[in-house]
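**Student:** attaching a predicted model along with its sequence, questions to come.
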Amino acid sequence: MERITISLDRGLAQEFDRLIRGRSYANRSEAIRDILRRELEAERLAREEAPHCVASLSYVYNHHERQLAERLTEHQHQAHDLVVSTMHVHLDHDHCLETVILRGPTREVRRFADQLSAERGVRHGQLNLIPVDTESTAPHVHTRPKS
């Protein structure tokens, strides 16, 4: 592990300490590592230097919307190579929350998320991408976070 030193003005350091206490970090180093990972991953995604990812797509929809549940299921079947798992939650008499876990080429994962989120009746679609490195070993592929 490499050690670095940073200087912060007192006000910023105090705010940072409040933030890390609020998020239950054990120390400043752990918090800084997480912030750096998040920024590096965002930068890789922005520059399209993250060819593979794991992701969660969450969305709310009205299950009374005409044939929407069937259309959403059809999208997932069409993308069976990307979809790892789906969790379905009934929020009330009208609305459901689904979270779809995805894995694959980042461009294809984004395209799937955009198509599904654009269906009439889908609301609050949110995609969370995590860039990964892949390693192919028979009979399957391993993925691990890039940073």
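**Tutor:** Everything's here; your move.

**Student:** for the helix ranked longest in the chain, buried residues please.
**Tutor:** Longest helix of the chain, by residue count under DSSP state H: helix 28-46. Within helix 28-46, the residues scored as buried using 16 or more other Cβ atoms under 10 Å are 31, 41, 44-45. No exception for glycine: its C-beta is placed from N, CA and C like everyone else's.

**Student:** neighbouring contacts of it?
**Tutor:** For helix 28-46, contacts defined as Cβ atoms under 8 Å, 6 or more residues apart in numbering pick out 6, 16-17, 19-20, 23, 25, 49-50, 53, 106, 129-131, 145-147.

**Student:** in strands, which of these fall?
**Tutor:** The strands, defined by DSSP state E, take in 53, 129-131, 145 from the contacts of helix 28-46.

**Student:** and these, which two are furthest apart?
**Tutor:** 129 and 145 (11.5 Å; Cβ to Cβ).

**Student:** looking at the two, which is more packed in?
**Tutor:** residue 129 (20 against 11; other Cβ atoms under 10 Å).

**Student:** follow-up on the earlier one: which of the buried residues of helix 28-46 sits closest to residue 110?
**Tutor:** residue 45 (9.3 Å).
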